[in-house]
Every structure is written in structure tokens, then in C-alpha cells.
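Asks: Make a model of this:
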Amino acid sequence: MSLPQIECKYITEECIREWKNGNPTFRVTNSVPMLRFLHELCSTMVRGELLFQKCKTVLDSVEFLDKPSEKEVASGFADIITQMAQDAFEIVIASYVQEDS
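Replies: Here you go, the predicted model:
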């Protein structure tokens, strides 16, 4: 069982390639909504397409539409990770319930 994959609008294959290569001049071309971008980033890392150590590189290459503070970005990450963990837990529980039926 795994979490459903989301369709990424802002984190493209090109972005992932540039971040993996450590290109310091790469920038996401347009400003992006913070929560959507963070959700795509977390999903990309959970799927193993990008190492979590690249997080700072990714965040340094993007400008958010809503101009959040570092605290707001951290809070957004925490909320998304918590929700993903709850979703994964529910998937596991549902698979056990189906096996018992």
C-alpha cells in the first residue's frame, strides 16, 4: 500500500533534474503558492525522487506568491507531513480491516 501520487504542477522533471545536479543558478520561473508547492515537494521526496537533503536547495530556488515567513513555511511543512502520515496510517488500517473480513 502507498499514498496516492499527486499530479505535480510546479515540481517538474526538469526541476528535479536541476536540483539533483545541484545547479546553484536554477530558479523556478514563476512564483508559486506555498502550500501547494510544499505538498508537491513532500510527495516527491516520499516517492524517493528527491532526497530530503535537497530541501534547502529547492526552497532557495523558489519564490512564494504569499511571501510567507520561515515560521509559516515550517508550519506548512509540519501540517503536510502530519496529514501524509495520517493518510498512510488510515491506508494501513484499512488494509488490515479488509484482510479480517
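Asks: If you count neighbours, what's buried in the biggest helix by length in the chain?
Replies: Longest helix in the chain, counting residues (DSSP state H): helix 70-100. Applying a neighbour-count criterion of 16 or more other C-beta atoms under 10 Å, one finds 73, 76-77, 80 buried in helix 70-100. The C-beta positions use only the backbone N, C-alpha and C, and glycine is treated the same way.
Asks: other SSEs contacting that helix?
Replies: Applying 3 or more C-beta pairs under 8 Å, 6 or more residues apart in numbering; DSSP states H and E, we find helix 70-100 packed against helix 34-46.
Asks: now the helix it packs on and helix 70-100, what's the angle there?
Replies: Orientation of helix 34-46 against helix 70-100 (axes from the mean of the first three to the mean of the last three C-alpha atoms, to 10 degrees) gives an angle of 50 degrees.
Asks: Which residues does helix 34-46 contact?
Replies: The contact list for helix 34-46 (C-beta atoms under 8 Å, 6 or more residues apart in numbering) reads 3, 5-6, 8-11, 16, 50-52, 55, 58, 62, 64-66, 68, 72-73, 76-77, 80-81, 84.
Asks: So which of those residues sit within helices?
Replies: 16, 55, 58, 72-73, 76-77, 80-81, 84.
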